[in-house]
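Predicted coordinates and the sequence they were generated for:
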Amino acid sequence: MKPEFWRMPAPDSAALAQLAQKTAVLAERLQAVAERFPNAVFASSLAAEDAIITDQIAALKLPLRVITLNTGKLNPETEALIGETRRRYPELAFDVYEPLAEDAAEFEREYGAAAMYESVELRKRCCHIRKIEPLNRALADASAWLTGQRRSQSVTRSDLNLEETDGARGIAKFNPIFDWEDDDVWTYVQTHQVPMNALYQQGYPSIGCEPCTRPVKVGEDIRAGRWWWEQKDSKECGLHK
C-alpha cells in the first residue's frame, strides 16, 4: 500500500481570528530590532516561517538585510524559490551566500558525495562547509541576526526566547516568530499568498538539502524527514546556535 504523506494544513479558523493581532506583534518586534540594530541580518532558510518574516520586512520597509544559503545541494524547487522571492520583493536587500567551492570539492574528493550518511561527524562537517561557514561570512559585519525558528518545531527548540545572545559570534540573536504555532504559520502563508516551496505540496513539512531531506508520512514528527538515518539527539547542525 502506498504510504500517505504529510499535507499542508488548510487555514485554521481560530488562527485566522487572531492572525491580525499576531502579525501586529511580529511587526512591532521587527521594528524594534531594526531600531536597535539597523544593520541586523535576517538569515532565511526559505521555510514557511521565514517567508512570513520576509513578507513583513518588505511590507514595513525595514532596513534589515535578508540573506539565504545556497548550499549547492538544494532541491530544484528550493532553488526556484530563491528567484521567486527576489521577484516578489525586488525592493529587499536579498543576498545569497554559497560555500567556498574548493572546500566543498575537497570534502567530496576525500570522503565522497554520500559522506553525510556514513557518520554524524562527517554529516556535520558537510553542514559546516555548506551552511555554517557561509553563514559566518553573511554575519561578519552584523551586530544582530534573526531566525525563523519556533518553539513548537521540535523538543530541541522548546526553550527558545524572543531575544538571545549568540555567544559564538558575540552578537544578539532574535527569534521574532518563536511563539507562533503551526496553524498560525500555515494560515498566514496561505492567506497572504507568500512565495512557498513547492516541496510543501509533496509531503515535505521541513526542508533542507536534497540528500538530507525526505517526505514525512502522516503521523510522523514533522522533522522526521531531516537526517532521518540519525538518532533524534544528533539532528541539528549548529546553524542557529
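Received, thanks.

all contacts plus neighbour counts: C-alpha atoms, from now on.
Noted.

Skipping its backbone neighbours, what lies nearest the residue nearest in space to the middle of the chain in space?
The residue lying closest to the centre of the chain (C-alpha atoms, centre = their mean) is residue 45, at 2.8 Å. Excluding the flanking residues, the one nearest residue 45 by C-alpha to C-alpha, 6 or more residues apart in numbering is residue 68, at 6.0 Å.

In three-state terms, label that neighbour for me.
strand (DSSP: H, G, I helix; E, B strand; the rest coil).

pretty sure it contacts residue 86?
No. At 11.3 Å, residue 68 does not count as touching residue 86 under the criterion of C-alpha atoms under 8 Å.

follow-up on the earlier one: now do the contacts for the residue nearest to the centre of the chain.
Residues near residue 45 by C-alpha atoms under 8 Å, 6 or more residues apart in numbering: 68-69, 148.

Kindly report the same for residue 70.
79, 96-99 are the contacts of residue 70 under C-alpha under 8 Å, 6+ apart.

pLDDT on stretch 127-135, on average?
If you average the pLDDT over stretch 127-135, you get 98.

okay, how far is it across that stretch, tip to tip?
One end of stretch 127-135 to the other measures 11 Å (C-alpha to C-alpha, to the nearest Å).

Return the distance of it from the chain's centre.
14 Å (C-alpha atoms, centre = their mean, to the nearest Å).

now stretch 183-199
Computed by C-alpha atoms, centre = their mean, the chain-centroid distance of stretch 183-199 equals 14 Å.

what sits up against that stretch?
8-12, 15-16, 19, 46-49, 51-52, 55, 77-78, 81, 84-85, 88, 207.

try it again with 7 Å
The contact list for stretch 183-199 (C-alpha atoms under 7 Å, 6 or more residues apart in numbering) reads 9, 11-12, 15-16, 19, 48-49, 51-52, 77-78, 81, 84-85.

For residue 99, which non-adjacent residue is closest in space?
residue 130 (4.9 Å).

surely that neighbour meets residue 71?
Yes. Residue 130 is in contact with residue 71 according to C-alpha atoms under 7 Å; the separation is 4.9 Å.

Now the common contact residues for those two.
residue 99.

tell me the mean pLDDT for the longest helix seen in the chain?
Using DSSP state H to define each element, the chain has its longest helix at helix 13-36. What helix 13-36 shows for mean pLDDT is 97.

where along this structure do the helices fall?
Going by DSSP H, the chain shows helices at 13-36, 48-60, 76-88, 101-111, 120-127, 133-138, 182-191.

end-to-end on stretch 170-184?
End to end - C-alpha to C-alpha - stretch 170-184 spans 32 Å.

how distant is that stretch from the center of its chain?
Its chain's average C-alpha position is 11 Å from that of stretch 170-184, according to C-alpha atoms, centre = their mean.

Show me where the protein dips below the pLDDT cut-off.
For the chain, the stretches with pLDDT under 70 are 154-156, 232-241.

same thing but at 50, please
Filtered on pLDDT under 50, the chain yields the residue ranges 241.

on that earlier part again, can you pull the contacts of the residue nearest to residue 45?
By C-alpha under 7 Å, 6+ apart, the contact list for residue 68 reads 43-45, 95-97.

and these as CSV, adding distance to residue 158?
Compiled in CSV, those are given as follows (distance: C-alpha to C-alpha, whole Å):
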residue, distance to residue 158
43, 20
44, 20
45, 19
95, 30
96, 29
97, 29
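
quick one: which of these is nearest residue 164?
The closest of these to residue 164 turns out to be residue 43 (C-alpha to C-alpha; 15.1 Å).
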